[in-house]
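S.K.: Pasted the sequence and its predicted model underneath.
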Amino acid sequence: MKSINQTKVSEFVFVGLLDWPGAQLPLFLIFLFIYLTSLAGNLLIVILIFIDHGLHTPMYFFLSNLAGLDVFYSSVTSPRMLSDFFSTSKTIAVSSCITQFLFFFSFICIKLYLLAVMSYDRYMAICHPLHYIQIMHPKVRAQMVSAAWIIGFLTSLIHTLCIKMLNFCGPNVINSFFCDLPQLFLLSCTDTFINVLVMFLVGIIMGSGAFSMTLVPYVQIFRTVMGIQSRNGKLKAFSTCTSHLTVVFIFYGTLISTYLRPSPNSNSSEDRLVSVIYTVVTPLINPLIHSLRNKDLKDAFWKSLHSVALFSGSLKYKSYAENKP
């Protein structure tokens, strides 16, 4: 058991990504590009699905929610990380740190359940196509997404309350660029056994539940697709799932490497590398995967560009006609 110091720290200090001053500007430009590209890509998906009535289907409804979630998810950590590249004081108040963790972990949990909802959507579309639209009507879709947000936030709230019970009395240096669970446990000067136990049980129940809800539908999908006689039919069925499965494997892989491995080394740069992947890179993966593999989204994008070009051309012609002597 760790001893309790009477003097509690009031703020934490981020180590950041690298201590090498010469790499600050290149890294800043790289991560600024990644962040802005992620924002633009995910917002573009949301806008395209909203304005194109051909994309007003259950699958694209859930995809737009996933893209919107990734906008919030990346914005919890990236702006602060970018500002710290040129900051001489990379400090954050303990209360602000815990608040950042609350929102960051909420979006992680919500994403896990939203990915599970999307698995169920693919299951209904492939295994029960005749009843798909009838079952997945707008009210049901809204209820499923709302449930994902509520359960995800409550799960994060339990973890956050466990962190609030800890005492931090030094050292106060976080070996990362944001407030994450493993690093906060390392800085606690009180025994974390009960906290870890509660969070482990909640994580097992909620995490395994989300994983099961994601995996089980695909077991049924695989059985159904294997029963399709046509090779083209099998390929078409699998093609509707590959983008989602890719996002699932990458997201779960990075989370497992962070939260289900031995306690991180307080001086390990590998932990910061893993953190970069699942906080900065994964929000970029969603628009890249779906834009490259999804014909409907690409068609909607080009159609929107064509509409903008026609509108711009009509405005120029109108202005020319009005100013013509």
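M.R.: Sure, I can see it. Because the structure is a prediction, the values reported are computed rather than measured.

S.K.: can you list the weak-confidence ranges in the stretch 1-150 of the chain?
M.R.: Applying pLDDT under 70 to the stretch 1-150 of the chain flags the ranges 1-7, 19-21.

S.K.: where exactly do the strands run in the stretch 151-300 of the chain?
M.R.: For the stretch 151-300 of the chain, strands defined by DSSP state E, counting those that start in this stretch occupy the ranges 173-174.

S.K.: Leaving out the residues flanking it, which one is nearest to residue 48?
M.R.: The shortest distance from residue 48 to any non-neighbouring residue, by CB to CB, 6 or more residues apart in numbering, is to residue 300 (4.7 Å). To be clear about C-beta, it is placed using only N, CA and C from the backbone, and glycine gets the same treatment.

S.K.: do residue 65 as well
M.R.: Nearest non-adjacent residue to residue 65, counting by CB to CB, 6+ apart: residue 145, 5.3 Å away.

S.K.: so what's that neighbour up against?
M.R.: 61, 62, 65, 114, 117 (CB atoms under 8 Å, 6 or more residues apart in numbering).

S.K.: residues of the helix or strand encompassing the third one that come out buried?
M.R.: What it means is residue 65. Element membership for residue 65 (DSSP states H and E) is helix 58-84. The neighbour-count check on helix 58-84 (16 or more other CB atoms under 10 Å) flags 58-67, 69-78, 80-82, 84 as buried.

S.K.: With stretch 138-145 instead?
M.R.: Within stretch 138-145, the residues that count as buried by 16+ other CB under 10 Å are 141, 144, 145.

S.K.: I'd guess the last one is in a strand, am I close?
M.R.: Read that as residue 145. No. Assessed by DSSP: H, G, I helix; E, B strand; the rest coil, residue 145 does not belong to a strand; its assignment is helix.

S.K.: And it, how far from residue 61?
M.R.: Noted for residue 145: a distance of 8 Å to residue 61, by CB to CB, to the nearest Å.

S.K.: What of residue 208?
M.R.: 26 Å.

S.K.: How about residue 45?
M.R.: Counting by CB to CB, the gap from residue 45 to residue 61 is 12 Å.

S.K.: and what of residue 186?
M.R.: Going from residue 186 to residue 61 by CB to CB gives 41 Å.

S.K.: cool, and residue 285?
M.R.: 20 Å.

S.K.: now residue 90
M.R.: As for residue 90, its distance to residue 61 is 40 Å (criterion: CB to CB).

S.K.: what's the answer for residue 37, then?
M.R.: Distance, residue 37 to residue 61, by CB to CB: 24 Å.

S.K.: Could you do residue 140 as well?
M.R.: Counting by CB to CB, the gap from residue 140 to residue 61 is 11 Å.

S.K.: ok, now residue 103?
M.R.: Counting by CB to CB, the gap from residue 103 to residue 61 is 24 Å.

S.K.: Around the residue lying closest to residue 210 once chain neighbours are set aside, how many other residues sit close by?
M.R.: Distance criterion CB to CB, 6+ apart; nearest residue to residue 210, sequence neighbours excluded, is residue 112 at 4.1 Å. Applying other CB atoms under 10 Å, we find 24 other residues in the vicinity of residue 112.

S.K.: try residue 49
M.R.: 25.
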